[in-house]
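**Student:** any chance you can model this:
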Amino acid sequence: MGTSPAASLPPGGRVPGPAPRTPDADELVSAGQEHGGVIGRVLIVDDDPILARVLSRYLQRHGMETRWVSEGDGVLAAVQRHAPDLVLLDVMLPGRDGHSVCRELREVSNLPVLMLTALTDEDARVAGLESGADDYVCKPFSPRELVLRIRSLLRRTRADTAPLPQLLRDGDLHFDLTTRQLLRGGHAVSLTAREHDLLAFLGSPVVSVGPR
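**Tutor:** Residues are numbered from 1 along each chain as shown. From the prediction side, this is the model:
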């Protein structure tokens with residue numbers, strides 16, 4: 001396993017020719033600081049070191065920290081070691097392909113997976129989604145679109161996993177999600193079991209409680 005070095009992305013997303021160099025850990029720690037801090041950690045899984053290098057630098061410029069794995073067999077270990085927020089997974093890998101890796105990931109984690117592939121037919125896209133991928137991007141792709149898709153996946157994942165507030169408030173009404181008790185002006189309000197369930201399910205500020 002290695003890490004991706006820095007590179008500039010030319011117009012059209014074409015990869016430059018110089019051979020990649022392996023960066024040290026400090027380069028990865030400082031990734032994303034140009035944009036005020038790291039907004040997400042991305043594990044790049046691709047056997048092309050130059051493409052991984054370009055992707056890494058581009059994502060770092062847009063506030064993300066990156067790590068790179070060159071083959072499918074190292075993905076689970078890298079996920080456990082680096083705890084990424086998202087996996088950018090190429091389909092065509094030496095040894096185990098991206099579909100196999102994605103299925104294995106899904107057995108142990110709900111980590112968002114965005115697949116990259118040169119295969120553009122519908123069957124290939126469906127196979128990627130059926131293996132557990134959350135999104136799919138075909139090569140050649142727009143780096144700007146890739147960043148937007150990554151950000152969208154990160155937002156959706158964080159919204160899905162955000163803890164619900166334990167105390168809902170609206171004026172003098174307070175509903176405690178832990179004890180499932182509704183208070184009005186500090187006094188308990190009697191609710192039916194169905195009303196308790198409805199308030200807990202909504203998970204939003206109480207607007208009004210009508211007479212029983």
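**Student:** ok, then the element right after the helix or strand bottoming out on mean pLDDT in the chain?
**Tutor:** Least confident helix or strand, the chain: helix 25-29 with a mean of 36, by mean pLDDT, DSSP states H and E. Downstream of helix 25-29, the next assigned helix or strand under DSSP states H and E is strand 40-45.
**Student:** on the three-state scheme, residue 136 is what?
**Tutor:** Following DSSP: H, G, I helix; E, B strand; the rest coil, we place residue 136 in the strand state.
**Student:** test my guess that it contacts residue 129.
**Tutor:** Yes. With contacts counted by Cβ atoms under 8 Å, residue 136 reaches residue 129, the gap being 6.3 Å. (Each C-beta comes from the backbone N, C-alpha and C, glycine too.)
**Student:** neighbour-wise, which of those two wins?
**Tutor:** A side-by-side neighbour count of residue 136 and residue 129, using other Cβ atoms under 10 Å, places residue 136 first with 19 against 13.
**Student:** ok, the more buried one to residue 76 distance?
**Tutor:** Separation of residue 136 from residue 76 (Cβ to Cβ, to the nearest Å): 21 Å.
**Student:** cool, residue 147 as well?
**Tutor:** 26 Å.
**Student:** show me the helices in the chain, by range?
**Tutor:** 25-29, 49-61, 75-82, 98-108, 122-130, 143-161, 193-202 (DSSP state H).
**Student:** and among these, the most buried is which?
**Tutor:** Across the helices of the chain, averaging neighbours per residue (mean count of other Cβ atoms under 10 Å) puts helix 49-61 on top, at a mean of 22.
**Student:** on that earlier part again, between the helices of the chain, which one is nearest to residue 40?
**Tutor:** helix 143-161 (4.8 Å; Cβ to Cβ).
**Student:** just list what the closest one packs against, helices and strands only.
**Tutor:** On a contact count with 3 or more Cβ pairs under 8 Å, 6 or more residues apart in numbering; DSSP states H and E, helix 143-161 meets strand 40-45, helix 49-61, strand 86-90, strand 113-117, strand 135-138.
**Student:** can I get those in CSV including distance to residue 172 and mean pLDDT?
**Tutor:** Putting the helices and strands packed on helix 143-161 into CSV (distance: least, Cβ to Cβ, whole Å; pLDDT from 0 to 100) gives the following:
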stretch, distance to residue 172, mean pLDDT
strand 40-45, 40, 95
helix 49-61, 48, 93
strand 86-90, 43, 95
strand 113-117, 46, 91
strand 135-138, 45, 88
